[in-house]
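Chemist: this is a predicted model, with the sequence first.
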Amino acid sequence: MFLFILAAALLPAALSAPLADCDVLTRQVQIQGRDQFLGVWTYVAESTNMPGSKTLTKMFVDNVWGKIYPANESDSFFVFQVQKMLGRCFSVTSKLTLVNNTLHMEYPISATEVLMTTSCPDCILLLSNYTLGESTYMGMQLLTRRPKVTSAEMDEFKRQAACLNLPSPTVLDSDKGFCTDSSASKDSETVDLTSAISQTDPEYMKILDKMLSSQSGIKMIMDSISN
């Protein structure tokens, strides 16, 4: 009986502890300026509530790295992202602008991003809200200056995703070798998708959004990529 009374007394504190932990893990931090983003980054892991995203990423994407460099405007920068998919290399360049502690992106999709707390000393953790078609989704991305993070740093990212009710993260594989920097070599086999994505018909994005919302649609996308 004493153990039951003790457990009953401690239960509220035990239940509230994860919530208190989440308050710390999901704290937004102040962006100090664009300089903290500049340089080369490895995209380590991602968690998003976009349907089908985890399945497609796990099946087709090996790894992603990015190079961030300044734009002419003092509050803007470009993100040159290189993705290795099915053994081939694809790149896309986007532009982000800092306004009131929030990063804004217009292409290839409309999105806003804020900086979240992380104990990783050379990482940035971005929380995004982005629009595809007529739907808005949330996602988190963990980037580091290293090829990979420690187990403890990854565990923290997983807890942060859980606090925001996001799916378990998709972890990318840096051991499979990264694509080369296509911007530094004219002989690179990297395919630049920037123009194609920016010119995509908005109606196609609506169709893609609907396809991602159904198992049959996801299968169609998987078959199309595989072929």
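Modeler: It's in.

Chemist: leaving out the residues flanking it, which one is nearest to residue 140?
Modeler: residue 47 (4.9 Å; Cβ to Cβ, 6 or more residues apart in numbering). (C-beta placed from N, C-alpha, C; glycine too.)

Chemist: state the phi and psi torsions of the one you found.
Modeler: Note on residue 47: backbone dihedrals following degrees, to the nearest 10 are phi -130, psi 130.

Chemist: number of residues surrounding it?
Modeler: 24 (other Cβ atoms under 10 Å).

Chemist: what residues are up against it?
Modeler: Going by Cβ atoms under 8 Å, 6 or more residues apart in numbering, residue 47 touches 139, 140, 157, 161, 166, 167, 168, 169, 170.

Chemist: host element of the second one?
Modeler: Secondary-structure assignment from DSSP states H and E places residue 140 in strand 135-144.

Chemist: quick one on the thing from earlier: which one of the contacts of residue 47 is nearest residue 217?
Modeler: Nearest to residue 217 among these, counting by Cβ to Cβ, is residue 167 at 18.1 Å.

Chemist: give the buried residues for the longest strand seen in the chain.
Modeler: Secondary structure of the chain per DSSP state E: the longest strand is strand 88-99. Along strand 88-99, these residues count as buried under the neighbour rule (16 or more other Cβ atoms under 10 Å): 89, 90, 91, 92, 93, 94, 96, 98.

Chemist: what's opposite the second one in the beta bridge?
Modeler: Note on residue 90: beta-bridge partners residue 83, residue 191, judged by DSSP bridges.

Chemist: please apply the same query to the one 5 residues further on.
Modeler: Taking DSSP bridges, one obtains residue 78 as the residues bridged to residue 95.

Chemist: quick one: it from residue 78, how far?
Modeler: As judged by Cβ to Cβ, to the nearest Å, residue 95 and residue 78 stand 5 Å apart.

Chemist: pull up the overlap in contacts between these two.
Modeler: In contact with both residue 95 and residue 78: residue 71, using Cβ under 8 Å, 6+ apart.

Chemist: do you know the pLDDT at residue 205?
Modeler: Looking at residue 205, its pLDDT reads 76.

Chemist: distance of the residue most central in space within the chain from residue 31?
Modeler: The centre of the chain sits closest to residue 141, judged by Cα atoms, centre = their mean, with a distance of 3.0 Å. The spacing between residue 141 and residue 31, counted by Cβ to Cβ, is 15 Å.
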